[in-house]
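Student: can't give you the sequence, but here's the structure:
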């Protein structure tokens, strides 16, 4: 089965605190994983893809095949990071399979 | 401006009415997708098309139909709307090779009453 699990519906942290948004996946083969972000009432935007191993807006994510995880991390959260975050897996049909999303709230 | 455009941005629709949500992209992407976004359920795939002339069913296709007459357009039709189809609908497109990240439209907020 191809599945993405984001166990936290809501994550609330204070500004400057570290953030980790969890993502686990189920996929037979080599997965292609993404993190998308959706700011309030806006379209989804690509934040990270694991292939590029880049850091965007201070966020990083490492693919751990042993734990089938692709957690999103940021050492110091900012208020502007408040948004919905979706982990996604490229499915066998080429479409993206999304987790249910985690709402990140960064308090001042 | 290159990108993907959806219309309308929002709509209130009477149950039983027919409605077509429009989606157009100018990036010459082969693949296009329709998702619905519901609170607590994330984004679920309704239908997809990997190339012009072909379509496929996603996770929640019932009550929806699509067509892909050309590369740029991928309309989604609700033949007879029901209240459970109240949702935010996102169209997306991507290349089928190389960089496969998906680009999303701004969404259509549909309310069926």
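Tutor: Nice, thanks for sending it over. These figures come from a predicted structure and were not determined experimentally.
Student: Poorly predicted segments of chain B, please.
Tutor: Within chain B, the ranges that satisfy pLDDT under 70 run B:1-2, B:97-99.
Student: repeat that for 80
Tutor: Residues of chain B that meet the criterion pLDDT under 80 lie in B:1-2, B:96-100.
Student: What parts of it come near chain A?
Tutor: With CB under 8 Å from any CB of the partner chain as the criterion, chain B meets chain A at residues B:31, B:33, B:35, B:40-45, B:48, B:50, B:56, B:58, B:90, B:92, B:94, B:96, B:100-107. From N, CA and C alone the C-beta is placed, and that goes for glycine too.
Student: Could you pull out the strands in chain A for me?
Tutor: For chain A, the strands defined by DSSP state E occupy A:3-5, A:10-14, A:19-21, A:24-26, A:33-38, A:45-49, A:60-61, A:72-74, A:83-90, A:96-98, A:102-107.
Student: next one: chain B
Tutor: B:4-7, B:10-13, B:19-25, B:31-38, B:42-49, B:56-57, B:64-66, B:76-78, B:87-94, B:103-104, B:108-112.
Student: As JSON lines, those with distance to residue A:64 and mean neighbour count would be great.
Tutor: JSON lines is the format used below for the strands of chain B (distance: least, CB to CB, whole Å; neighbours: other CB atoms under 10 Å in any protein chain shown):
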{"stretch": "strand B:4-7", "distance to residue A:64": "32", "mean neighbour count": "18"}
{"stretch": "strand B:10-13", "distance to residue A:64": "40", "mean neighbour count": "13"}
{"stretch": "strand B:19-25", "distance to residue A:64": "34", "mean neighbour count": "19"}
{"stretch": "strand B:31-38", "distance to residue A:64": "27", "mean neighbour count": "24"}
{"stretch": "strand B:42-49", "distance to residue A:64": "22", "mean neighbour count": "22"}
{"stretch": "strand B:56-57", "distance to residue A:64": "31", "mean neighbour count": "14"}
{"stretch": "strand B:64-66", "distance to residue A:64": "36", "mean neighbour count": "19"}
{"stretch": "strand B:76-78", "distance to residue A:64": "37", "mean neighbour count": "18"}
{"stretch": "strand B:87-94", "distance to residue A:64": "25", "mean neighbour count": "24"}
{"stretch": "strand B:103-104", "distance to residue A:64": "27", "mean neighbour count": "22"}
{"stretch": "strand B:108-112", "distance to residue A:64": "37", "mean neighbour count": "18"}
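Student: and chain A, which residues reach chain B?
Tutor: So chain A meets chain B at A:6, A:9, A:32, A:34, A:42-46, A:49, A:86, A:90, A:93-101 (CB under 8 Å from any CB).
Student: Spatially, which residue comes closest to the closest residue to chain A within chain B, not counting chain neighbours?
Tutor: Going by CB to the nearest CB, chain A is nearest to residue B:42 of chain B, at 3.9 Å. Closest residue to residue B:42 apart from its sequence neighbours, by CB to CB, 6 or more residues apart in numbering or on different chains: residue A:100 at 3.9 Å.
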